[in-house]
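Undergrad: pasted the sequence and its predicted model underneath.
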Amino acid sequence: MFYPARMLPPRDPHLRLKARGAASAPAGRFDTQTRLRESDGWDIPEDETLLRTELAFEQPRSIITRSTSPDISFDRSINPYRGCEHGCIYCYARPSHGYLGLSPGLDFETKITAKPDAARLLERELARPAYKPAPIALGTNTDPYQPVESKLEIMPGILRVLRDWNHPVTLVTRGRTVLRDLDLWAELAARDLAAVGISVTTLDAGLARALEPRAPAPATRLQMIRALARAGVPVRVMVAPVIPVLTEPEIEAILTAAREAGATTASMIPLRLPHEVAPLFRDWLERHRPGMAAHVMNRVQAMRGGRDNDPRFGHRFRGEGIEADLARQRFRLARRRLGYAEGSPALDCSRFGAPPRAGDQLSLF
């Protein structure tokens, strides 16, 4: 069930929000109770408190997540973090915080869980005799290069394990910290083991700041594409999500800017609003673009069979109807005109194997 924005809890007047996408912490779909703040007239005035990011740590038993979804191109992924401080209001991963008993609103972007033992777990799983290599996707749920990664440095450990085992990997990110690991990505790419996708939603810095409050600015993401491409890393620009009225007019401009920066492949996904994301996004529209809110949602529903979201396999990443068809046509024409390659580069699984250890017998050839 998709709830209208007016049913979201009101913003806590005692919290000061700085660069946050959501404005409240609505209950998740698994919660049986909803808490609302009500004044009885006897409240003692409280000072306003800045809402800060909280970090917790998780010790999972495994790190590779398997998927059998028929409409994605990978069957395994790694997510070093739960939650994402970038705070993108449209993020389809927000509902996953409900599995932790947390809100998909402010909790998703302020209560982050990290998996610091990811590299060790990964090596243990790759070493299993039954393991068969296929590209591992990083950043499929939350961004592995979100702000806290600059301090925790979980990703370099993961990349070193993948490099040592000659295991192929793909990445989706908008975090500038990816450039810290540029040498590792370049080393993997030189062996045909890596490809990176950079998400560019809009070229409008003001709109990006409102939509994605703690993510790098559009100009920074183009610089990331340029640096990765110069290092020999295949880069895909992800025009995603395409938001009707707000970012949809920029399809051609984004593709042009990314191609000039060095991107060689491109993809596009229309806006998805699963579960609790729909009311959060509606609330964001009323706060940031009230004069366009109805127009935007009418266009969204035109692509989703009259609903805020269509979760069906084969439809959720494409949309349907005239609106979706026109956007896809524009994207395909611009991609062809700009000389983007069709499809993604093939990654090499044939090199996979355990790295040599001290004392091992070396191969003669």
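TA: Perfect, I can see it now.

Undergrad: show me where the stretch 101-250 of the chain has helices.
TA: Assigned by DSSP state H, counting those that start in this stretch, the helices in the stretch 101-250 of the chain fall at 106-110, 118-126, 149-152, 155-164, 182-190, 205-211, 218-230.

Undergrad: reformat those helices as CSV; add mean pLDDT.
TA: Conversion of the helices of the stretch 101-250 of the chain to CSV gives the following (pLDDT from 0 to 100):
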stretch, mean pLDDT
helix 106-110, 97
helix 118-126, 98
helix 149-152, 98
helix 155-164, 98
helix 182-190, 98
helix 205-211, 98
helix 218-230, 98
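
Undergrad: please, which helix or strand holds Leu55?
TA: Take DSSP states H and E as the rule and Leu55 turns out to sit in strand 54-57.

Undergrad: could I have the CA atoms of that strand written out in CSV?
TA: Included here for strand 54-57 are C-alpha records, laid out as CSV according to Å, rounded to 0.1, in the frame of the first residue of the first chain:
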residue,chain,number,x,y,z
GLU,A,54,25.3,7.4,13.9
LEU,A,55,27.6,4.4,13.0
ALA,A,56,27.1,0.8,14.1
PHE,A,57,29.1,-2.3,13.1
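
Undergrad: buried ones in stretch 328-337?
TA: Within stretch 328-337, the residues scored as buried using 16 or more other Cβ atoms under 10 Å are Arg328, Arg330, Phe331, Ala334, Arg335. All C-beta atoms are positioned from the backbone trio N, CA, C, and that covers glycine.

Undergrad: likewise stretch 283-297?
TA: For stretch 283-297, using 16+ other Cβ under 10 Å, the buried residues are Asp283, Trp284, Leu285, His288, Arg289, Ala293, Val296, Met297.

Undergrad: show the end-to-end separation of it, please.
TA: In terms of Cα to Cα, to the nearest Å, the two terminal residues of stretch 283-297 are separated by 11 Å.

Undergrad: have a look at the chain and report its longest strand.
TA: Counting by DSSP state E, the longest strand found in the chain is strand 235-242.

Undergrad: contacts for the helix or strand just after that one next, please.
TA: Scanning forward in sequence from strand 235-242, with DSSP H and E defining helices and strands, the next element found is helix 251-261. Outside helix 251-261, the residues within contact range by Cβ atoms under 8 Å, 6 or more residues apart in numbering are 198, 200, 202-203, 222-223, 225-226, 229, 237, 239, 242, 266, 268, 327, 330-331, 334-335, 338-340.

Undergrad: between the helices of the stretch 101-250 of the chain, which one is closest to Cys88.
TA: Of all the helices of the stretch 101-250 of the chain, helix 205-211 sits nearest to Cys88, with 6.4 Å by Cβ to Cβ.

Undergrad: report all helices and strands that the closest one contacts.
TA: For helix 205-211, the helices and strands in contact under the criterion 3 or more Cβ pairs under 8 Å, 6 or more residues apart in numbering; DSSP states H and E are helix 218-230, helix 277-288.

Undergrad: make a markdown table out of those and add distance to Leu207.
TA: As requested, the helices and strands packed on helix 205-211 are arranged in a markdown table below (distance: least, Cβ to Cβ, whole Å):
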| stretch | distance to Leu207 |
| --- | --- |
| helix 218-230 | 9 |
| helix 277-288 | 9 |
